[in-house]
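A.B. asks: my questions concern the predicted model and sequence given below.
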Amino acid sequence: MYPSLRANPDRAAWIDTTAKTLGELGDRHRTTLDDASRALEFPREVYRELGRLGYLGPLVPTEFGGSGWGVAEYVVISEEVGRHGLVSGQIAVQGQKWLVDWGTAEQKAQWLGPIASGEKVFSESISEPTMGSSFKNMKATATRDGNDWILNGHKTHVNLGADSDVTIFYGLTPDGITSFLVDTSLPGVSTQVTDPIGLRLIRTADVLFDNVRVPDAARIGSVGGGLETFLSTFNISRLGNASELIGLGRRALEIAINYGNTRIVGTDHVTDFQGIQWMMADAWTSLQAASLARDHAALAHERGEDIALATTVAKRLAISAAEDAVDTAFSMTGGEGLYHESPLLEISNDLRVLKVAGGSQEIMRNYIARRILKSSDHEGLA
């Protein structure tokens, strides 16, 4: 789709090339990806191939081994990943965003290139059994010991936690929440793979930190500045979530249309019925609206604008659009879509996870409402 991003001819050509390349990659590794999802395994070789093609390092400057692109390219990659059922690189992009914004020269040199190439896998150890979107109930701690820090905590819902080489750890210090880059091979780091319903290619794990010693050079951002470092990536990762949702919706609707164009009911094809056409039209319209909102946010970021509201609107619309598309796909395919062999089940489950990732629909609504009520012109209503 990309209704606004395509206004730039050079970018439109890049979008076409990227969509073709990632489509071919998905087709070539379809069996591997499907088997990995069912077996709850991380398809490391496919992930590395994404890195070799440049699609894992869109925000990494070329001098550090990345592609040197921007947020607009990142959202295209994310949408095509969802569209073609590929392994997501969103966690890698969030890691490189933290490093680019907050990392020291040594941290950038050590991690940016390997994360962009896929040779090193990044994860983020943030959520805890009693703490999700609010940091108020954080239990994990970081305690000074000379020039080192001792990290303790139980982190959960960590995508690629058991597969990563480096993770970002958030813990409480006397000065507030502080973040650290932790080599997961260090003594005291252990993991337990968990069993999510969706996004199984970037499987989740619990990550335990038991008196893990790291030098102060592992700290990312200032002592007590953890909330600031966290929020600096939040809006960008939310755009990635919205884009993958749009991609999932496109994939589901395309599957349904292809099926409906060949399935005969009585003397007509499924897509000949007006009721079905209306459902298709509504689902496509929702995807187009979500794409417009997402493109607007990406372009606003390029202009250096505050994108907090724009990304929230994009995620909110993308959730509804993906749900409409998937529901329509199940209606159009009928019994054919109700088996584990059908990709619609995996798409539906991935959608459930992405609805929550980066903030649930309810959180989106709360933030939009607060912005409207606090604005002197009610965000343009007046």
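C.D. replies: It's in. What you are looking at is a predicted structure, and each value in this text was computed from that prediction instead of being measured. Numbering: from 1, shown residues only.
A.B. asks: got any ranges where the stretch 51-200 of the chain has weak pLDDT?
C.D. replies: Within the stretch 51-200 of the chain, the stretches with pLDDT under 70 are 133.
A.B. asks: just the helices in it please.
C.D. replies: For the stretch 51-200 of the chain, the helices defined by DSSP state H, counting those that start in this stretch occupy 71-84, 90-102, 105-117.
A.B. asks: same thing with the stretch 201-350 of the chain?
C.D. replies: In the stretch 201-350 of the chain, helices defined by DSSP H, counting those that start in this stretch lie at 226-260, 274-302, 308-333, 343-356, listed in chain order.
A.B. asks: could you dump the ones you listed to a markdown table with distance to V60, mean neighbour count and mean pLDDT?
C.D. replies: For every residue, glycine as well, the C-beta is placed using N, CA and C. Converted to a markdown table, those look like this (distance: least, CB to CB, whole Å; neighbours: other CB atoms under 10 Å; pLDDT from 0 to 100):
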| stretch | distance to V60 | mean neighbour count | mean pLDDT |
| --- | --- | --- | --- |
| helix 226-260 | 13 | 23 | 94 |
| helix 274-302 | 17 | 19 | 97 |
| helix 308-333 | 21 | 24 | 96 |
| helix 343-356 | 24 | 20 | 96 |
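A.B. asks: deepest of the helices of the stretch 51-200 of the chain, which one?
C.D. replies: Per-stretch averages of neighbours, counted by mean count of other CB atoms under 10 Å, single out helix 71-84 among these, with a mean of 25.
A.B. asks: that one packs against which elements?
C.D. replies: In this structure, helix 71-84 packs against helix 9-28, helix 226-260, helix 274-302, with contacts taken as 3 or more CB pairs under 8 Å, 6 or more residues apart in numbering; DSSP states H and E.
A.B. asks: nearest to K315, out of those helices?
C.D. replies: Closest approach to K315 among those (CB to CB): helix 226-260, 4.5 Å.
A.B. asks: now do that closest one against helix 90-102, angle only.
C.D. replies: Counting by axes from the mean of the first three to the mean of the last three CA atoms, to 10 degrees, helix 226-260 lies at 150 degrees to helix 90-102.
A.B. asks: which segments of the protein make up each domain?
C.D. replies: The chain breaks down by automatic domain parsing into domains covering 5-120, 123-223, 227-374.
A.B. asks: what about the shortest one, start to end distance?
C.D. replies: Domain 123-223 has an end-to-end distance of 21 Å (CA to CA, to the nearest Å).
A.B. asks: for the first one, same thing?
C.D. replies: For domain 5-120, the first-to-last residue distance is 31 Å (CA to CA).
A.B. asks: off-centre distance for it?
C.D. replies: Averaging C-alpha positions (CA atoms, centre = their mean, to the nearest Å) puts domain 5-120 11 Å from its chain's average.
A.B. asks: same deal with the second one?
C.D. replies: Averaging C-alpha positions (CA atoms, centre = their mean) puts domain 123-223 19 Å from its chain's average.
A.B. asks: for the closest residue to H378 other than its chain neighbours, pull up the helix or strand it's in.
C.D. replies: Using CB to CB, 6 or more residues apart in numbering and skipping the chain neighbours, the partner closest in space to H378 is I372 (5.2 Å). Assigned by DSSP states H and E, I372 falls within helix 361-374.
A.B. asks: for the nearest residue to L299 once chain neighbours are set aside, phi and psi?
C.D. replies: Excluding the flanking residues, the one nearest L299 by CB to CB, 6+ apart is S4, at 6.2 Å. Phi and psi for S4, reported as degrees, to the nearest 10, are phi -100, psi -40.
A.B. asks: got a list of what S4 touches?
C.D. replies: Residues in contact with S4 (CB atoms under 8 Å, 6 or more residues apart in numbering) are 292, 295-296, 299.
A.B. asks: list the contacts of the spatially closest residue to V75 that is not a sequence neighbour.
C.D. replies: Among residues not flanking V75 along the chain, S243 sits closest, at 4.3 Å (CB to CB, 6+ apart). Contacts for S243 were tallied using CB under 8 Å, 6+ apart; they are 74-76, 78-79, 82, 294, 318.
A.B. asks: return the member of the residues you listed nearest to T32.
C.D. replies: Here the nearest of these to T32, counting by CB to CB, is G82; it sits at 17.8 Å.
A.B. asks: that closest one and S291: what is the separation?
C.D. replies: Separation of G82 from S291 (CB to CB, to the nearest Å): 12 Å.
A.B. asks: fine by me, thanks again.
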